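Peer 1: Give me the fold of what follows.
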Amino acid sequence: MIRAKIDKRLEMRFRELAMKRFGYCKGALTRAMEEAIIKWIASVEREEITFEGDPVEAIDGILSDIKIDAVELQHRIKDLWISKVLENVSNRH
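Peer 2: So this is what the prediction gives:
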């Protein structure tokens, strides 16, 4: 579920067009929202993402606030990964 606060005029225009396109029935806003999100995702995915600078320095900057060493970080990641795998396995049964 996505919740977002948008401009009131934008919301009213969206509702009006959603109802015109999909009818004045339950699910019209959902269908319009899904269509809008799909189109937005497609347009963003077509954009070329570029990175300028040294990627190692960027990663170092991102990790600078982490106050644990690399070995401890690896153990925590392993534990998190195992918990997610076990969660997915238990959800299948």
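Peer 1: Under the pLDDT cut-off, which ranges of this structure? List them.
Peer 2: Across the chain, the ranges flagged by pLDDT under 70 are 91-93.
Peer 1: domains of it?
Peer 2: 8-46, 55-92 (automatic domain parsing).
Peer 1: Just the endpoints, please. Distance across the first one?
Peer 2: Across its full length, domain 8-46 reaches 30 Å between end residues, using C-alpha to C-alpha, to the nearest Å.
Peer 1: Of all the residues in it, which ones are buried?
Peer 2: Neighbour counts over domain 8-46 (16 or more other C-beta atoms under 10 Å) mark 14, 18, 28, 32 as buried. (Glycine included, C-beta is placed from N, CA and C.)
Peer 1: Help me confirm that the second one comes into contact with residue 26.
Peer 2: No. At 11.9 Å, residue 18 and residue 26 do not qualify as touching, with contact defined as C-beta atoms under 8 Å.
Peer 1: picking up where we left off before, including distance to residue 43 and secondary structure, could the buried residues of domain 8-46 go into TSV?
Peer 2: What follows is these, written out as TSV (distance: C-beta to C-beta, whole Å; DSSP: H, G, I helix; E, B strand; the rest coil):
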residue	distance to residue 43	secondary structure
14	17	helix
18	19	helix
28	23	helix
32	17	helix
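Peer 1: and of the domains of the chain, who's closest to residue 1?
Peer 2: Smallest distance to residue 1 across the domains of the chain (C-beta to C-beta): 10.8 Å, for domain 8-46.
Peer 1: Now do the closest one: distance to the chain's middle.
Peer 2: 18 Å (C-alpha atoms, centre = their mean, to the nearest Å).
Peer 1: What of stretch 65-75?
Peer 2: On C-alpha atoms, centre = their mean, the centre of stretch 65-75 falls 26 Å from that of its chain.
Peer 1: same deal with stretch 43-50?
Peer 2: Stretch 43-50 sits 15 Å away from the centroid of its parent chain (C-alpha atoms, centre = their mean).
Peer 1: what's the longest helix anywhere in the chain in contact with?
Peer 2: Across the chain, the longest stretch assigned as helix under DSSP state H is helix 70-92. Among residues not part of helix 70-92, those counted as contacts by C-beta atoms under 8 Å, 6 or more residues apart in numbering are 66, 68.
Peer 1: Perfect, that will be all.
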